[in-house]
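K.L.:
Give me a 3D structure for the following:
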Amino acid sequence: MPSKDILSIILFISVISFQFIQAAEVVCDGHELSADKDEELENLTEKKCTVVKGNIILRNLKKPVKSTCFLTVRQLEGSLIIENTENLHNWVNLQNLAIINSGNEPALIIKNNINLNLGIGAKLRSVESQNKYTYIILNNQNAPIDINTYNILHYATTTRAAFLIDSFIQVEQCRKELFKWVSIVLAGVVAFVSGGLIIIACYGREVPQKL
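P.N.:
Residues are numbered from 1 along each chain as shown. Purely as a prediction, here's the structure:
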């Protein structure tokens, strides 16, 4: 049987470990990372939020301030809504976001933005939404996501990923040299097969003799 001292040490370690885990998780409300106009940006939280409860809503913004409040977010219990903004570029940096659970609402609503590049990285592994559309991306001047982000969103969705999107997704140009050589090889194959068929058709054919 372990002594009382050993049991006390085990209990102490357990309590410290639990407190450490709790301290590592910083829960914030969605409004702490939201702003409806430029003047509200100074109210963005300075906490290193890891879990956000509620929607993150960014609207009518033109002059983003220096902030890293999005970078530490790992879980969003709500939707990310970005509308009517200009020149945010990659300011909304959610590279560490791993989980989105938006309930009955779309996980992303990205509408009417100019010069927005949404920063969602490969750590995203689970997106749950019961809405008809998982992602709504409409009426943006430029494509706020690229093909890599599109694939990340698609494969992270736990059910069927439904996009309502009208943006042109920027993809890498095909390698012209590769297709050039493929075309040459295919042309050679076609010529070889055609030649073979001609030879077979003519083989054994009687040549008419001159009288």
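K.L.:
correct me, but residue 94 touches residue 119?
P.N.:
Yes: A contact is recorded between residue 94 and residue 119 when judged using Cβ atoms under 8 Å, the distance being 5.7 Å. For glycine as for every other residue, the C-beta is placed from the backbone atoms N, C-alpha and C.
K.L.:
more crowded one of these two?
P.N.:
residue 94 (21 against 18; other Cβ atoms under 10 Å).
K.L.:
sorry, back to before: what residues do residue 94 and residue 119 have in common as contacts?
P.N.:
Overlap between the neighbourhoods of residue 94 and residue 119 consists of residue 70, taking contacts as Cβ atoms under 8 Å, 6 or more residues apart in numbering.
K.L.:
which SS class is the residue nearest the centre of the chain?
P.N.:
Most central residue of the chain, judged by C-alpha distance to the mean C-alpha position with Cα atoms, centre = their mean, is residue 149 at 3.5 Å. At residue 149, secondary structure determined by DSSP: H, G, I helix; E, B strand; the rest coil is helix.
K.L.:
Quote the end-to-end distance of stretch 100-116.
P.N.:
For stretch 100-116, the separation between the terminal residues is 20 Å (Cα to Cα, to the nearest Å).
K.L.:
sorry, that was for stretch 116-132
P.N.:
The straight-line separation of the ends of stretch 116-132 (Cα to Cα) is 25 Å.
K.L.:
Just the buried residues of it, please?
P.N.:
In terms of neighbour count (16 or more other Cβ atoms under 10 Å), stretch 116-132 has its buried residues at 116, 117, 118, 119, 120, 124, 127, 129, 131.
K.L.:
And residue 58, how far from residue 184?
P.N.:
As defined by Cβ to Cβ, to the nearest Å, residue 58 lies at a distance of 51 Å from residue 184.
K.L.:
likewise residue 45?
P.N.:
Residue 45 sits 60 Å away from residue 184, going by Cβ to Cβ.
K.L.:
Report the rounded mean pLDDT for stretch 111-120.
P.N.:
Summarised as a single mean, pLDDT over stretch 111-120 is 95.
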